[in-house]
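> The following block contains a protein sequence and its predicted model.
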Amino acid sequence: MIQDATPKQRKKNSKPAEIIQPRVGLRLPKPVRRLQRQAPLLALQGVTELSSRLKQVTGRDVIDLNRVMNFVQFLYKQRELARRGADYAVDDFGFDPQWTESFLDVFMVLYHDYWRVETTGVENVPANGRALLVANHAGVLPWDGTMIKTAVFAEHPHPRHVRALVAGLFLGMPVLSWFLRRTGQTVGHPDDTRRLLERDELVLVFPEGVKGTGKNFKDRYRLRRFGRGGFVATAIRSRAPIIPVSVVGSEEIYPMVADVAPLARFFGLPYFPVTPFWPWFGPLGMIPLPSKWRIQFHAPIHVEDNPPDAAEDQNLVMALADEVRDTIQQGIYDNLKLRRGVFL
Amino acid sequence: MTSLRPNRVLVTGVSNPLGAEVARRLAPHVPYLFGCDVHDPISALEEMDFVHADVRHAAIGKLVRQLQIDTVVHLAVMVDSPHDQRSIHETDVIGTMNVLVGCSGPSSRVRKLVVKSSQAIYGAEPTDPSFVSEDMTGAERTGSSVTRDLLEMEQLITEFALREESCRVSVLRLGFRVSEDTTLARYLSLPIVPTFAGFDPRLQLLHEDDAAEVIVRAVLGDHPGVFNVAAHGVVLLSQAIAIMGGKAAPILPPYGFWIARMALRALTRVDVQSHLADLIAYGSVMDCSRLESAFGWKPAHSSRAVMDSLARGKQLEVIEAPSPPQEYELQVYLQRRRREARNGHRKPPVLEAHR
């Protein structure tokens, strides 16, 4: 390695710059290249013009220019991220915070405009230090997880990333495994929970698991069995408070009326849902319905006040798991009352 | 118990690059050093007595007894090799059994056994915890033949350690290494790297220097038990490919890995074994906290640094302190001659040829 101490030495050792040969191959004619360069700007001008015309005709804001600018910003952010090349670092779980934050823009649109999520009690989430968020799980696809993550990031005075635990099954699926890991999710294994809590992270678990997302529409507000209370034992061992979270609205995004078990077995899935739109309308059936959502973060249950060996006490663990479950169930009923209608 | 300071040391598999490096580092510390392998040693070492011996043959046990060995460093364990499944099994399981036969019994003088194992013993599955620790091997993890062989081998070693209480056994599960000749390195160095569509796993690697260092430390110190050895930090597969200057092409089908492996071999002539196919789909990361607490040492290179050093090695050899221009020219000239000699273009440089 060349180590130059003084400017003089540097000058002495410097070599003339290498002449880079122009790229060989097909080169588009100059006007086309100019147009290519200016295309984004021209498109934006066109949209602005269209918006003002429409305003003249209808007298209302038909195209929200702020929204358009947000979208453009998102595209530019993605381009910046692509330019990082290999110069970025992920944590040991494969979490890339910068990349995740760029995607939060998309989830923010869903959060504010599509599902119009109303979040209460976000002050119960600690600004720093560890905590275990425990939530109910419904809807065929885990959109509730993304909305809880978005809620904490968007509404909390001290934005934090929530690390959700997902079934190992999803980490074996093509695109999902890559996306989930990169946005901070990890496999739902007690060892992973412990490690994340020891790093003072916010960890989100769904004790209902796939039994929750795969529940029938008629049982939509009823919680399933909360595993074997393993999450309580882990929280006690890791000295983390439990924050119960009730989510209302995720139950209606895919009204699952039947489960075709043989097909599920064929595709290696935990369930094969049948909704009024899926699989009849193909990929269109995968669009979630715009129900009205409410998320409530409850007051923390301080399980860490128990001595660490209380984690072995199955009686206490199950009692605490029941307490968490009851809090969430009660929260669901309360929020259902506060909601005026399913889609309002 | 007698002194644990190694006196007469036998290194098996001394002719592979790691074995040669371990022998070189051990030589100043031990009075008598022996090495054995099937092939000729790759570098001459004055302090070492080399024996042509095959661990697959029972003669290795006699060798251990005849030479009155007190420390065996068993590195003749094949994980990543172009050989077929059968000969890998023969070397790993039968070879280890033969070595253990030499070490066991009341007449044995062997007081310490250091065995090289591999991260491949864990396999790689999506349901695995993000960090596997030493006790997370299971009978159900029988994904690839190498994993099965390693499990069987470690089973033999565990039984041996229980039976022979006078012998201290260290098993080092080394992380995946990317020196020039490993399959993983050849795969990552491809200009266009076919990857599994929709997968971007975490990779944890180990630098060759650190691998040799940990084996030497295990031989000279007293650390019985099983240890995971790998660099800290992870790199994503796509990141590793970008560091190497290649392009990732997510074209391999994510289901039915044997089809993907065949496609890969046809496309790139790199034969990715099934445990490596699992690795580049799901990734596997080890928890090395036991190593750090027991050895009081951790690998000097992070996974990222390992990848960087591989990428640098791919470009050019680094020229040390080339201050005067003539010396620089000379270095470049010699380097070119060396490279050409290695690639078989010209004869190696002869000193008197330079006028």
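On my side now, so go ahead.

> what about the helices in the chain?
Let's take chain A. A:7-13, A:30-58, A:65-83, A:97-109, A:143-155, A:168-171, A:174-182, A:190-198, A:210-213, A:230-237, A:261-267, A:314-338 (DSSP state H).

> Chain B, not that one
Remark: helices assigned in chain B by DSSP H are B:17-26, B:59-66, B:85-89, B:96-103, B:145-163, B:183-188, B:208-220, B:237-243, B:257-268, B:274-282, B:289-295, B:303-315, B:325-343.

> quick one, which of those helices is nearest to chain A?
If you check each of the helices of chain B against chain A by C-beta to the nearest C-beta, helix B:237-243 wins as the nearest, at 3.6 Å. The C-beta positions use only the backbone N, C-alpha and C, and glycine is treated the same way.

> Show me what that closest one is packed up against.
Contact partners of helix B:237-243 among helices and strands, from 3 or more C-beta pairs under 8 Å, 6 or more residues apart in numbering or on different chains; DSSP states H and E: strand B:192-196, strand B:202-203, strand B:247-252, helix B:303-315.

> ok, the third one: who's next to it in the sheet?
So that's strand B:247-252. Using DSSP bridges, strand B:247-252 pairs in its sheet with strand B:192-196 (parallel).

> hey, what's B:V171 bridged with?
On the basis of DSSP bridges, B:V171 is bridged to B:V115, B:V226.

> Double-check it against B:P224; I have them as touching.
No - taking contacts as C-beta atoms under 8 Å, B:V171 lies outside contact range of B:P224: 9.2 Å.

> Neighbour count for these two, which is higher?
B:V171 (23 against 16; other C-beta atoms under 10 Å in any protein chain shown).

> Pull the contacting residues for that one.
With contacts defined as C-beta atoms under 8 Å, 6 or more residues apart in numbering or on different chains, the neighbours of B:V171 are B:V115, B:S117, B:E154, B:I157, B:G225, B:V226, B:F227.

> now swap in B:L18 and tell me
Counted by C-beta under 8 Å, 6+ apart, B:L18 has contacts B:L75, B:K116, B:R177, B:E208, B:A211, B:A212, B:I215.

> Can you tell me which of the residues you listed comes closest to A:V260?
B:R177 (47.2 Å; C-beta to C-beta).

> ok, and what's touching stretch A:122-134?
Taking C-beta under 8 Å, 6+ apart as the rule, stretch A:122-134 contacts A:148, A:151-152, A:155-158, A:160, A:162, A:193, A:197-207, A:231, A:234-235, A:238-245, A:297-300, A:324, A:328.

> what bits of the chain have low per-residue confidence?
Reading this off chain A. A:1-5, A:20-24 (pLDDT under 70).

> meant chain B actually
If you take pLDDT under 70 as the line, chain B has these spans: B:1-4, B:138-143, B:314-333, B:335-355.

> Show me it divided up by domain.
B:8-175+B:208-229+B:287-297, B:319-353 (automatic domain parsing).

> Pick the most buried one from those domains.
The highest mean neighbour count among those, using mean count of other C-beta atoms under 10 Å in any protein chain shown, belongs to domain B:8-175+B:208-229+B:287-297: a mean of 19.

> Could you check how far that one is from the centre of its chain?
10 Å (C-alpha atoms, centre = their mean, to the nearest Å).

> ok, the contacts of B:V171 vs A:M318, which is closest?
Using C-beta to C-beta, these come closest to A:M318 at B:V226, 35.4 Å.

> could you measure that closest one against chain A, distance?
17 Å (C-beta to the nearest C-beta, to the nearest Å).

> list the contacts for that residue?
With contacts defined as C-beta under 8 Å, 6+ apart, the neighbours of B:V226 are B:S117, B:E134, B:E154, B:S170, B:V171, B:R173.

> So which of these is the closest to A:L289?
Using C-beta to C-beta, these come closest to A:L289 at B:E134, 48.4 Å.

> Wait, A:E198 touches A:A240, no?
No - using C-beta under 8 Å, A:E198 is not in contact with A:A240, being 9.2 Å away.

> out of the two, which sits in the busier spot?
For A:E198 versus A:A240, the count of surrounding residues by other C-beta under 10 Å is larger for A:A240: 27 against 13.
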